[in-house]
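> What follows is a predicted protein model with its sequence.
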Amino acid sequence: MQQIDWIVLSVTLLFIVIYGVWKTRGSRNVEEYILGSNETPWYMVGLSVMATQASAITFLSTPGQAYHDGMGFVQFYFGLPLAMVVICFTFIPIYHRLKVYTAYEYLEQRFDLKTRSFAAILFLVQRGLGTGLTIYAPAIILSALLGWNLTLMNIIIGVMVIIYTFSGGTKAVNVTQKQQMFVIMTGMFLTFFLILHMLPNDMTFSNAMHIAGANDKMDIVDFSYDPETRYTFWSGITGGFFLMLSYFGTDQSQVGRYLSGKSIRESQMGLIMNGFLKVPMQFFILLTGVMVFVFFQFNPVPLNFNPNNKIAVEGSVYKEEYRALEQKLAKLSEDKKEINLIYIDHLNQNYDNPILRKELVAISSKENDLRDQAREVIAKADGKAETNDKDYVFIHFILNYLPKGLIGLLLAVILSAAMSSTASGINALASTTAIDIYKRNIKEEKSEKYYVNATKFFTLIWGIIAILFACVGTLFENLIQLVNIVGSIFYGTVLGIFLVGFYIKYVKANAIFYAAVISQLTIFYIYYLDVVSFLWLNFIGAMLTMILSMLFQMLLPKPQNTVA
């Protein structure tokens, strides 16, 4: 990194932190600290919702996902627009009418305290882990590529977030996310157009899409019914729908964003904005990853994008075996470049040469074989090494091919995204702990100022816990998948509780509580067996909770008071 990159990075991040503290200092009561005094306009609600979900993992892992597996991951988001409609017309009016601070307050009014506490605890467990991952993901990758100390990176990111979240609560999260989304999208658009500019001179965007298509990177929709296939149209529209419904409808890190809206209508418009823009945004990020793939059809590419793996091999007895694979890849890359240039020339003459397409597929297959062999060598050299390098693809491109200054901006994008989602997570964890656990179980009356200070205290505690989670984290396959897997294990059960509360009025407290406990234990077991794609866990958990609750209610028909 050059001096200009450090300046851009430092100024961008410091501006966000200082702006957040200055703009939101001095919260006077719980409503202002947790709900932002219900003054957030619809477009800010929409931006905040998008920024909360768009963590650094999104901008590190998604392009790498597309580089290796193509555009199919976009199917994961197919259920999101429909989920936004359901939440707008069901969840939001109920939350606003009951004037709740957190989503889980509703559950006590509808059922009882133990159901509220169970749902809140499930949220705290999964969001606590998820928030740690939002810090850990950029920290481990940047530390590996830049040589920065991993623990120090975790602490720096965590402390910056704690400063403005502690100071201003929900309002601080909202106002900083506006700046963060601007930085994020500016950086991504600049990167996309720079990739186009760096491709061979006679190459058009259409040519690039042909090359991507020849390598099976543009297979966007898969209508197969195989439950073990991770991303299909059906898993996205069903499992993805239930995941998005539970995440945006019952996860306090998202509920807190639109509970701060000026009115029901403003909150609804914010979510509809998210429904319109989220899928195109993810499509664009994936497309950027595909363009990185196209770029590397004409430029040298490493055998494994994780630099730590090469260091491990170089210090072992397998270094010559690895170097031989590198030489084969270098020769293959030259052949690949030459064939691609001929293929482009034919495309410019309006001829999509089928023979050349087959040659490109064959070369891609040989390259994948070399990468598989490299992973085996890495594993022999270091049994603990993470051989999957998807999370390192995009950052490798940024550091090695982008111009000075823009590297600093893209690093600011990654760290801004980390700060954005981490701030929402910490704010939600603190609010839930203060309102659903602490305030609900304290006997004596306390002042508003007391609970503001309590929420600030829990903000500090959860910030420290998130940093500790990050410091002991372990890289797992693809980070964006890990975050979604963690959510899928817990979200289905929580969503089932809320759906019963909203739609199945005759089910009472004991029935739903026992159903939820059994459902969650069952999901743990199903995940352990690894018999279905993780996306289906959301659907299974929600359905199981609803069916068991109706069954238990028939066995335990005890009348209780409810709030509709």
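Here it is on my side, so go on.
> next helix or strand past the helix or strand bottoming out on mean pLDDT in the chain?
Least confident helix or strand of the chain, by mean pLDDT, DSSP states H and E, is helix 30-35 with a mean of 61. Downstream of helix 30-35, the first helix or strand assigned by DSSP states H and E is helix 42-53.
> and Leu82, how many neighbours does it have?
15 (other C-beta atoms under 10 Å). (Each C-beta comes from the backbone N, C-alpha and C, glycine too.)
> Does it belong to a helix, a strand or coil?
helix (DSSP: H, G, I helix; E, B strand; the rest coil).
> so where's the stretch 201-350 of the chain uncertain?
227-228, 230 (pLDDT under 70).
> how about the helices in it?
Assigned by DSSP state H, counting those that start in this stretch, the stretch 201-350 of the chain shows helices spanning 205-214, 233-234, 240-250, 252-259, 264-295, 307-314, 319-347.
> could I get the ones you listed as CSV with distance to Leu410 and mean neighbour count?
As requested, these are exported to CSV (distance: least, C-beta to C-beta, whole Å; neighbours: other C-beta atoms under 10 Å):
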stretch, distance to Leu410, mean neighbour count
helix 205-214, 21, 18
helix 233-234, 32, 18
helix 240-250, 27, 27
helix 252-259, 25, 27
helix 264-295, 11, 21
helix 307-314, 18, 19
helix 319-347, 25, 16
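> So which of these is nearest Ile378?
helix 307-314 (4.6 Å; C-beta to C-beta).
> And the helices of the stretch 201-350 of the chain: which comes nearest Gln3?
helix 307-314 (22.7 Å).
> Pull the residues that contact the closest one.
144-145, 302-304, 319, 322, 377-378, 381-382, 385-387, 389, 392 (C-beta atoms under 8 Å, 6 or more residues apart in numbering).
> Name the nearest of these relative to Glu105.
The closest of those to Glu105 turns out to be Glu386 (C-beta to C-beta; 41.0 Å).
> Okay, that closest one and Trp148: tell me how far apart.
Distance, Glu386 to Trp148, by C-beta to C-beta, to the nearest Å: 18 Å.
> Looking at these two, which is more packed in?
Higher neighbour count among Glu386 and Trp148: Glu386, with 19 against 13, using other C-beta under 10 Å.
> Three-state assignment for that one, please.
From three-state DSSP, the assignment for Glu386 is coil.
> burial measure for Thr399, as a count.
I think there's a mix-up here, since residue 399 is Leu and not Thr. Neighbours of Leu399 (other C-beta under 10 Å): 17.
> Contact partners for Phe118?
Counting by C-beta under 8 Å, 6+ apart, Phe118 touches Phe513, Ala516, Val517.
> Among these, which ones are in helices?
Counting by DSSP state H, the part of the contacts of Phe118 found in helices is Phe513, Ala516, Val517.
> a markdown table please, covering the helices of the stretch 201-350 of the chain and showing distance to Ile485.
Supplementary listing: those in a markdown table, determined by distance: least, C-beta to C-beta, whole Å:
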| stretch | distance to Ile485 |
| --- | --- |
| helix 205-214 | 27 |
| helix 233-234 | 19 |
| helix 240-250 | 10 |
| helix 252-259 | 17 |
| helix 264-295 | 17 |
| helix 307-314 | 23 |
| helix 319-347 | 31 |
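> Looking at those, which is nearest to Tyr451?
Among the helices of the stretch 201-350 of the chain, the nearest to Tyr451 by C-beta to C-beta is helix 252-259 (15.6 Å).
> Specify the angle between the closest one and helix 264-295 in degrees.
130 degrees (axes from the mean of the first three to the mean of the last three C-alpha atoms, to 10 degrees).
> ok, and what's touching helix 252-259?
34-35, 38, 45, 48-49, 52-53, 91-92, 95-96, 100-104, 123, 127, 170, 173-174, 247-249, 267, 270-271, 421, 424-425, 427-429, 431-432.
> chain center to it: distance?
Averaged C-alpha coordinates place helix 252-259 at 16 Å from its chain's average position (C-alpha atoms, centre = their mean, to the nearest Å).
> What distance do you get for the spatially closest residue to Met218 that is not a sequence neighbour to Gly261?
Using C-beta to C-beta, 6 or more residues apart in numbering and skipping residues adjacent in sequence, the residue nearest Met218 is Ala212, 5.1 Å away. According to C-beta to C-beta, Ala212 and Gly261 sit 40 Å apart.
> just to revisit the earlier point, how much space between the residue nearest to Met218 and Met291?
Distance of Ala212 to Met291, given as C-beta to C-beta: 8 Å.
> what's the answer for Trp6, then?
Per C-beta to C-beta, Trp6 is found 27 Å from Met291.
> Now do the buried residues in stretch 402-420.
Within stretch 402-420, the residues that count as buried by 16 or more other C-beta atoms under 10 Å are 402, 406-420.
> Assign the residue nearest to Thr165 when sequence neighbours are not counted to helix, strand or coil.
Distance criterion C-beta to C-beta, 6+ apart; nearest residue to Thr165, sequence neighbours excluded, is Ala423 at 4.8 Å. At Ala423 the chain is in helix, as set by three-state DSSP.
> which among the contacts of helix 307-314 end up buried?
Burial by neighbour count, 16+ other C-beta under 10 Å: within the contacts of helix 307-314 this picks out 144-145, 302-304, 322, 377-378, 381-382, 385-387, 389, 392.
> Identify whichever of the helices of the stretch 201-350 of the chain lies nearest to Leu14.
Here helix 252-259 is closest among those (C-beta to C-beta), at 24.4 Å.
> Extract the CA atoms of the closest one and return them as PDB.
The C-alpha trace of helix 252-259 is given here as PDB (Å, rounded to 0.1, in the frame of the first residue of the first chain):
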ATOM      1  CA  GLN A 252     -33.500  -7.400  16.300                       C
ATOM      2  CA  SER A 253     -30.500  -6.200  14.300                       C
ATOM      3  CA  GLN A 254     -33.000  -5.600  11.400                       C
ATOM      4  CA  VAL A 255     -36.200  -5.000  13.400                       C
ATOM      5  CA  GLY A 256     -34.500  -2.200  15.200                       C
ATOM      6  CA  ARG A 257     -33.700  -0.500  11.900                       C
ATOM      7  CA  TYR A 258     -37.400  -0.100  10.900                       C
ATOM      8  CA  LEU A 259     -38.800   0.300  14.400                       C
END
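> Nothing else from me, thank you.
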